[in-house]
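Undergrad: No letters, just coordinates:
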């Protein structure tokens with residue numbers, strides 16, 4: 001008696017592996033973080049004449065790194081790329097180079113992302129050194145009539161609140177001459193023309209403060225503008 005063969009249930013076609021949909025975008029964002037931090041540091045120095053708070057900068061960068069690492073680790077776990085079953089979540093709270101190394105091991109990649117991060121870190125260091133105050137280690141403190149000293153004097157003048165009304169800003173700095181100089185400080189005298197039409201005769205000093213230059217400015221005398229003969233008061 002012949003047996004009729006029953007049709008076998010067709011096997012489900014496996015869906016494309018999630019690995020094909022996974023990317024390394026969060027890892028490359030971590031690689032770019034040192035460069036972003038260096039650009040923010042340069043912009044802050046140009047805007048305020050001093051570096052940002054080290055504590056605040058470290059807290060912000062650590063928070064951003066941790067969020068990127070957690071997101072990246074979660075994406076790797078969901079995609080099935082963690083071929084070595086390394087617990088990446090446990091590495092997200094450690095130093096970022098340690099996480100990147102463990103990440104490369106987990107997904108079976110080369111260490112190209114880690115070396116790219118090292119290159120970005122070195123480039124960021126060069127950017128920060130090349131555009132910040134410590135560059136004066138090589139050339140000494142700037143002269144009184146240098147663009148750096150003039151910019152610092154104007155910036156400090158705009159922050160003074162005890163010797164003038166609010167809203168007075170420096171328009172120009174002229175007649176900047178050196179009074180004294182040592183290896184640690186340069187003292188200058190100059191005239192600042194302000195938005196209120198007055199001339200402020202000032203003395204400012206550029207001393208070393210740790211690894212950066214810190215400008216201090218005092219207003220010695222205020223000179224009113226000459227009367228306008230066409231508009232007597």
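TA: Perfect, thanks for sending it. Values in this document were obtained by computation on a predicted structure and should not be read as measured data. Numbering: from 1, shown residues only.

Undergrad: List the buried residues in the helix ranked longest in the chain.
TA: Longest helix of the chain, by residue count under DSSP state H: helix 54-79. Buried residues in helix 54-79, counted by 16 or more other CB atoms under 10 Å: 61, 64, 65, 68, 69, 70, 72, 73, 75, 76, 79. Placement of C-beta: from N, CA and C, glycine included.

Undergrad: Stretch 177-186 too?
TA: Result for stretch 177-186 [16+ other CB under 10 Å]: buried residues 185, 186.

Undergrad: What lies in contact with that stretch?
TA: 141-145, 149, 187-190, 203, 205-208 (CB atoms under 8 Å, 6 or more residues apart in numbering).

Undergrad: quick one on the thing from earlier: which other helices and strands contact the longest helix of the chain?
TA: helix 25-48, helix 96-107 (3 or more CB pairs under 8 Å, 6 or more residues apart in numbering; DSSP states H and E).

Undergrad: hey, which helix or strand in this protein has the poorest pLDDT?
TA: When each helix and strand of the chain is scored by mean pLDDT, DSSP states H and E, helix 136-139 comes last, with a mean of 46.

Undergrad: thinking again about what came up before, quick one: the longest helix of the chain to helix 96-107, angle?
TA: For helix 54-79 against helix 96-107, the angle by axes from the mean of the first three to the mean of the last three CA atoms, to 10 degrees is 10 degrees.

Undergrad: coming back round to it: tell me which of the helices and strands packed on helix 54-79 sits most buried.
TA: helix 96-107 (a mean of 19; mean count of other CB atoms under 10 Å).

Undergrad: same for that one, what does it pack against?
TA: helix 25-48, helix 54-79, helix 112-131.

Undergrad: Mind putting these into a markdown table with mean pLDDT?
TA: Supplementary listing: the helices and strands packed on helix 96-107 in a markdown table, determined by pLDDT from 0 to 100:
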| stretch | mean pLDDT |
| --- | --- |
| helix 25-48 | 85 |
| helix 54-79 | 86 |
| helix 112-131 | 86 |
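
Undergrad: Now render those as JSON lines, adding distance to residue 226.
TA: Shown next, in JSON lines, are the helices and strands packed on helix 96-107 (distance: least, CB to CB, whole Å):
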{"stretch": "helix 25-48", "distance to residue 226": "35"}
{"stretch": "helix 54-79", "distance to residue 226": "47"}
{"stretch": "helix 112-131", "distance to residue 226": "42"}
